[in-house]
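>>> Fold the stuff below for me.
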Amino acid sequence: MSLFQQSEAANLRRAQPLAARMRPTTLAEFVGQQHFLGEGKLLRRLLVADRLGSVIFHGPPGTGKTTLARLLAHESRRKFRQLNAVTSGVKELREILEAARDELASGGMRTLLFVDEIHRFNKSQQDALLPDVEDGVVTLVGATTANPFFAVNSALVSRSQLFQFAPLSKSDVGQLLRRAAVDKLRGLGDYPLHLHDDAVEFLSEICDGDARRALAALEIGVLSCPQRPIEFTRELAAESIQRKALQYDPSGDEHYDCASALIKSLRGGDPDAGIYWLARMLESGEDIRFICRRLVILASEDIGNADPAALPLAVAAMQACEFVGLPECQLTLAQAVTYLACAPKSNAATLAISEARSDIRDGRTLPVPVHLRDSHYAGATQLGHGQGYQYSHDAASGIAAQDYLGTDREYYRPTSHGAEREIGERLAHFRKLLRGERGNS
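From the prediction side, this is the model:
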């Protein structure tokens, strides 16, 4: 490289943000993802054995997917080519694949093709990759923040190893911040900087495992601080960190995962977790009607008769939210979420209807007993419909001794939780009257 080229490269490097400059250049510098990259783990073994095939990286932003793709190309001695699925079309993709085939045929040079946001490729673009991935012309490394089983062509998924990236731990982020603060070549080591431990602790906590966000805050704080030397305190860190744009696709993983976490928290009796997941959904712009529908369903599915007030409360909350709207309806939702979380739980009604429908689907369709059939039309008496029916209110106990099903089958089994304990005791009395008196007839 000439002096002129070196000068150009240095200028370009200085223009890069800190997070880009601090990207590791070797696997030894790479932080995190030790569950698949540590010694003896799958991806490390594939590299050591030179058996790296196509892979799909999926996980939250700022966890090292792009960086690791570059390091894999370097470690496996492959030419690195990169596409962004948002801005690249089939024509550009085919040009890269054709060049990779030529380089492999003429000189044996293999190509690692990194496709960022691969879930944004349409079906024809993803299909265009298949032949060269199967033939080994390119080693595909796809990166996505979405669930690949939902967002990526199943044919590509089946031909790739999947590696899920986890958010970096607080210690990992702290290590990267301290490294950037002292690195003179790529980091901020030329600045008279004193990085306080509580500032590192704060940024490591608030960034939610996103190293890019933490490093950006460090750089903003250093570059904007007029005092020298720079005391990078917790207060300066708090001023420098930007509000995180929540990753939330109304039709994607986060939508369903947060809804699942909310419902499971309420079912499990944890109002604190329920409030957090509600807040997460509200901050992400979730449809209020969707949240209300889920709460109404939970009131019947998981609480039922253990607290008969749960369903009216959930329905009232739904109606109130429709009437009031945001931001005030967050109060209504918070009330409903905390009440439902703390309510006694029963899925007895849920199990009852599930078992009854299962019996019907399995062919156990019972005829309506003759005495229960409609007798309010001409000719019903001739058919015997309604004959022998006993009006319950005429019975001394209020329970007439007669068969209402035509077979001895119990679907509803009340729990001992909340109001259902009393319902269960009452039902046991009813069943005793029905079966005992029927047995003596």
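
>>> Could you chop the chain up by domain?
32-164, 170-240, 253-342, 360-440 (automatic domain parsing).

>>> Least reliable of these by average pLDDT, please.
Ranked on mean pLDDT, the bottom entry among those is domain 360-440, at a mean of 80.

>>> Same list (the domains of the chain) but as TSV, adding distance to A19 and mean neighbour count.
Every C-beta, even on glycine, is put in place using the N, C-alpha and C of the backbone. Formatted as TSV, the domains of the chain follow (distance: least, C-beta to C-beta, whole Å; neighbours: other C-beta atoms under 10 Å):
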stretch	distance to A19	mean neighbour count
domain 32-164	8	17
domain 170-240	4	18
domain 253-342	23	18
domain 360-440	51	13
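
>>> quick one: which of those domains is nearest T350?
domain 253-342 (5.0 Å; C-beta to C-beta).

>>> At which residues are the strands of the stretch 1-150 of the chain located?
For the stretch 1-150 of the chain, applying DSSP state E, counting those that start in this stretch gives strands covering 55-58, 79-84, 111-116, 138-144.

>>> ok, F114 to E29 distance?
F114 is 19 Å from E29, where distance means C-beta to C-beta, to the nearest Å.

>>> meant to ask about S375
85 Å.

>>> so how far is L326 from the closest residue to L43 other than its chain neighbours?
Once flanking residues are discounted, L43 sits nearest to F36: 4.8 Å by C-beta to C-beta, 6 or more residues apart in numbering. According to C-beta to C-beta, F36 stands 41 Å off from L326.

>>> now do Q126
Taking C-beta to C-beta, one finds Q126 at 38 Å from L326.

>>> quick one on the thing from earlier: can you put the strands of the stretch 1-150 of the chain in TSV and add distance to V370?
Shown next, in TSV, are the strands of the stretch 1-150 of the chain (distance: least, C-beta to C-beta, whole Å):
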stretch	distance to V370
strand 55-58	61
strand 79-84	72
strand 111-116	69
strand 138-144	63
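
>>> Would you tell me which of those strands gets closest to A216?
Nearest of those (C-beta to C-beta): strand 111-116, 18.6 Å.

>>> can you dump the C-alpha coordinates of that closest one into PDB?
The C-alpha trace of strand 111-116 is given here as PDB (Å, rounded to 0.1, in the frame of the first residue of the first chain):
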ATOM      1  CA  THR A 111     -16.000 -16.400  -1.300                       C
ATOM      2  CA  LEU A 112     -17.900 -15.700   1.900                       C
ATOM      3  CA  LEU A 113     -21.100 -13.800   1.000                       C
ATOM      4  CA  PHE A 114     -22.500 -11.900   3.900                       C
ATOM      5  CA  VAL A 115     -26.200 -10.800   3.400                       C
ATOM      6  CA  ASP A 116     -27.300  -8.400   6.100                       C
END
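
>>> what packs against that strand?
Helices and strands touching strand 111-116, by 3 or more C-beta pairs under 8 Å, 6 or more residues apart in numbering; DSSP states H and E, are helix 65-75, strand 79-84, helix 90-107, strand 138-144.

>>> Present those as a markdown table; the columns should include distance to L236.
Converted to a markdown table, the helices and strands packed on strand 111-116 look like this (distance: least, C-beta to C-beta, whole Å):
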| stretch | distance to L236 |
| --- | --- |
| helix 65-75 | 27 |
| strand 79-84 | 34 |
| helix 90-107 | 43 |
| strand 138-144 | 33 |
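
>>> Quick one: closest of those to L427.
strand 138-144 (52.0 Å).

>>> on that earlier part again, now the domains of the chain in a markdown table, please, with extra columns for distance to A15.
Formatted as a markdown table, the domains of the chain follow (distance: least, C-beta to C-beta, whole Å):
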| stretch | distance to A15 |
| --- | --- |
| domain 32-164 | 18 |
| domain 170-240 | 13 |
| domain 253-342 | 33 |
| domain 360-440 | 64 |
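
>>> These: which one's closest to M22?
For the domains of the chain, the distance to M22 is smallest for domain 170-240, at 5.0 Å, taking C-beta to C-beta.

>>> Next, the distance between the ends of that closest one.
18 Å (C-alpha to C-alpha, to the nearest Å).

>>> oh, and call the first residue 580 from now on, that's how I've got it
Got it, first residue is 580 now, which makes that one domain 749-819.

>>> pretty sure D789 contacts G638?
No. Between D789 and G638 there is no contact under C-beta atoms under 8 Å: 10.7 Å.

>>> overlap in contacts of the two?
Here D789 and G638 share the contacting residues P746, scored by C-beta atoms under 8 Å, 6 or more residues apart in numbering.

>>> residues in contact with I854?
Neighbours of I854 in contact, by C-beta under 8 Å, 6+ apart: A913, V916, T917.

>>> show me where the stretch 880-1020 of the chain has helices.
889-903, 908-921, 927-940, 959-962, 999-1019 (DSSP state H, counting those that start in this stretch).

>>> how about TSV for these, with distance to L756 added?
Formatted as TSV, the helices of the stretch 880-1020 of the chain follow (distance: least, C-beta to C-beta, whole Å):
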stretch	distance to L756
helix 889-903	42
helix 908-921	35
helix 927-940	49
helix 959-962	84
helix 999-1019	54
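
>>> So which of those helices is nearest P603?
Of all the helices of the stretch 880-1020 of the chain, the one in closest proximity to P603, counting by C-beta to C-beta, is helix 908-921 (42.4 Å).

>>> Give me the helices and strands touching the closest one, please.
Taking 3+ C-beta pairs under 8 Å, 6+ apart as contact, the helices and strands that helix 908-921 lies on are helix 832-846, helix 850-862, helix 867-877, helix 889-903.

>>> and of the helices and strands packed on strand 690-695, who's closest to R765?
The nearest among the helices and strands packed on strand 690-695, by C-beta to C-beta, is helix 644-654 at 13.1 Å.
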